[in-house]
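Peer 1: predicted model and sequence below, questions to follow.
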Amino acid sequence: MEQNNFKETVLRISGVNPKKCMRCGKCSGACPNYDEMEFHPHQFVSMVENGEIEKLMTSPSVYKCLTCFACVERCPRQVEPAKLIEAVRLCVIRQAGQNHLKPDQIPEMLDEDLPQQAIVSAFRKFTK
Amino acid sequence: MTVSYYPGCTLKTKAKNLDLYARKCAEALGIALEEIPEWQCCGGCYPVAKDEIATKLSSVRALAAAKEKGQTLVTVCSACHNVIKRVNHDMQTDEEIRDKVNRYRAPDEPYEGETNVLHYIEMLRDLVGFDKIKEKVVNPLAGKKIAAYYGCLLLRPGKVMAFDNPENPSILEDFIRALGAEPVLYPARNECCGGYLTLEDPEIPKKRSETVLQSAQNHGAEVVTTACPLCLYNLQKNGGSEIPVVYITELLAEALGLK
Ligand code: SF4
Ligand code: SF4
């Protein structure tokens, strides 16, 4: 898929308009996982606008978002950065063979208290 | 009064106490929780992308089942609540999603988001009343300093969840007061515990959950309470503290003398 197509897909399935962003950085300021991310929420917004989707797709940052929606709640322009991160991740894992989490990895990740919720949530986020 | 009840997978397994005491307390407070027959897993996380249809169907089936009975749908797990409430919002407001879902399901009568979805704590406030709960308390948790941990899922996105003020909520503190205990306000009560990342990178939930518990303890908390099984797991396993973390329904059952 060409870069333009990825951008189109990301915009379509996220429903986000990155042009609304005023680059205030509040989303990244609110992000609890900021330190773990190579590209931060505000960079997702500007990089999607610039069509730099493949750079984002190959970054581990797409798997670091906690979907806590703090960036969405606190953005003064209702840009909703978390929806862009989700869309970029989907561009990766919807490709054949690109699942980030595989069922045979699960047994070694389990402990006796781990709630089912953690497993179904991770599958929903990382696997198609 | 009878309501439709959606327990969810984790309440049938690792979070049995959340479910057990939800049922016992509701009964004692005059509400019959009628479990939706053959409910399916909500998937744990709301499917954010606008073109996700199949992943929304299990929520729609539960919502439509409640509509058929003319009942309010009550959830207790924060994650199920977040997913079902947001899918319901899509069915109310997103014409494309509504249309595709209804074509797929081909029901006699299309579902258009009619069901009223309440979290258990909203049910206590709106259908029972915190005042009435206060009257029914036989074992007041007097002197106990309890920190309510909201996390993300009950509150955000604020406009859709419409649960409480997402930056300064008070419903759980009001609940704690009704049980005779003293609520502890602390800054991290609506911050993330690290969620499902505990599966592949527990270091991240460790940092997040430690931040939450330290914040609560710095403000004098003796107990932390939550409605989310994954929050409870992260706080207990990854929080680096021995402070007890209990479900909201366990506190309620204790105060009502049912535990
Ligand atoms: S939803 Fe993701 S990107 Fe947004 S604040 Fe939370 S962890 Fe950061
Ligand atoms: S908070 Fe909103 S407006 Fe500010 S940088 Fe982030 S996306 Fe842009």
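Peer 2: Yep, that arrived. Numbering: from 1, shown residues only, chains lettered A, B, ... in the order given. Ligands and ions are numbered 1, 2, ... in the order given.

Peer 1: so which residue of chain B comes closest to ligand 2?
Peer 2: In chain B, the residue found nearest to ligand 2 is B:Pro157; the distance is 13.6 Å by CB to the nearest ligand atom. (C-beta placed from N, C-alpha, C; glycine too.)

Peer 1: list the contacts for that residue?
Peer 2: Taking CB atoms under 8 Å, 6 or more residues apart in numbering or on different chains as the criterion, B:Pro157 is in contact with A:Phe69, A:Val72, A:Glu73, B:Arg86, B:Pro166.

Peer 1: what's the helix or strand for the residue nearest in space to the middle of chain A?
Peer 2: For chain A, the residue sitting closest to the mean C-alpha position, by CA atoms, centre = their mean, is A:Ile85 at 2.5 Å. Element membership of A:Ile85, judged by DSSP states H and E, is helix A:81-93.

Peer 1: could you give the mean pLDDT of that helix?
Peer 2: The average pLDDT for helix A:81-93 rounds to 98.

Peer 1: and stretch A:100-113, by the same measure?
Peer 2: The model assigns stretch A:100-113 a mean pLDDT of 93.

Peer 1: cool, stretch B:230-244 as well?
Peer 2: The model assigns stretch B:230-244 a mean pLDDT of 98.

Peer 1: by contact count, what packs against the helix holding A:Ile85?
Peer 2: Counting contacts by 3 or more CB pairs under 8 Å, 6 or more residues apart in numbering or on different chains; DSSP states H and E, helix A:81-93 packs against helix A:3-14, helix A:41-49, helix A:53-57, helix A:70-74, helix A:116-126.

Peer 1: want to throw those helices into CSV with distance to ligand 2 and mean pLDDT?
Peer 2: As requested, the helices and strands packed on helix A:81-93 are exported to CSV (distance: least, CB to the nearest ligand atom, whole Å; pLDDT from 0 to 100):
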stretch, distance to ligand 2, mean pLDDT
helix A:3-14, 12, 90
helix A:41-49, 4, 98
helix A:53-57, 15, 97
helix A:70-74, 7, 98
helix A:116-126, 21, 96
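
Peer 1: buried set for stretch B:122-142?
Peer 2: B:Glu122, B:Met123, B:Leu124, B:Arg125, B:Leu127, B:Val128, B:Phe130, B:Ile133, B:Lys136, B:Val137, B:Leu141 (16 or more other CB atoms under 10 Å in any protein chain shown).

Peer 1: over to stretch B:70-87?
Peer 2: B:71-87.

Peer 1: again with stretch B:43-58
Peer 2: Neighbour count says stretch B:43-58 has B:43-50, B:52-53, B:55-56, B:58 buried, by 16+ other CB under 10 Å.

Peer 1: the residues you listed in helices, which ones?
Peer 2: B:Ser58 (DSSP state H).

Peer 1: which residues of chain B lie near ligand 2?
Peer 2: Within chain B, no position is near ligand 2 by CB under 6 Å from any ligand atom.

Peer 1: against A:Leu66, how distant is the residue in the stretch 51-200 of chain B positioned nearest to ligand 1?
Peer 2: Residue nearest to ligand 1 within the stretch 51-200 of chain B (CB to the nearest ligand atom): B:Cys192, separated by 6.4 Å. With distances taken as CB to CB, to the nearest Å, B:Cys192 is found 5 Å from A:Leu66.

Peer 1: between these two, who's got more neighbours?
Peer 2: B:Cys192 (27 against 22; other CB atoms under 10 Å in any protein chain shown).

Peer 1: would you mind measuring from the residue of chain B most remote from its centre to A:Gly51?
Peer 2: Distance from the C-alpha centroid of chain B, by CA atoms, centre = their mean, peaks at B:Asp108 (31.1 Å). Separation of B:Asp108 from A:Gly51 (CB to CB) stands at 46 Å.

Peer 1: over to B:Asn168?
Peer 2: On the measure of CB to CB, B:Asn168 and A:Gly51 end up 39 Å apart.

Peer 1: more neighbours: which of these two?
Peer 2: A:Gly51 (15 against 9).

Peer 1: okay, the residue nearest to the more buried one when sequence neighbours are not counted and ligand 1: tell me how far apart.
Peer 2: Excluding its sequence neighbours, the residue lying closest to A:Gly51 (CB to CB, 6 or more residues apart in numbering or on different chains) is A:Lys7, at 4.7 Å. Counting by CB to the nearest ligand atom, to the nearest Å, the separation of A:Lys7 from ligand 1 is 19 Å.

Peer 1: okay, now the domains of chain B?
Peer 2: B:2-120, B:136-255 (automatic domain parsing).

Peer 1: out of those, which comes closest to A:Met47?
Peer 2: A:Met47 sits nearest to domain B:2-120 of all the domains of chain B, at 18.4 Å, using CB to CB.

Peer 1: how about that closest one and ligand 1, any contact?
Peer 2: No: using CB under 6 Å from any ligand atom, we find that domain B:2-120 stays clear of ligand 1, coming within 9.7 Å at best.

Peer 1: so how far is that domain from its chain's centroid?
Peer 2: Put simply, domain B:2-120 sits 12 Å off its chain's centre (CA atoms, centre = their mean, to the nearest Å).

Peer 1: same deal with stretch B:171-187?
Peer 2: So, by CA atoms, centre = their mean, the centroid of stretch B:171-187 is 16 Å from its chain's centroid.
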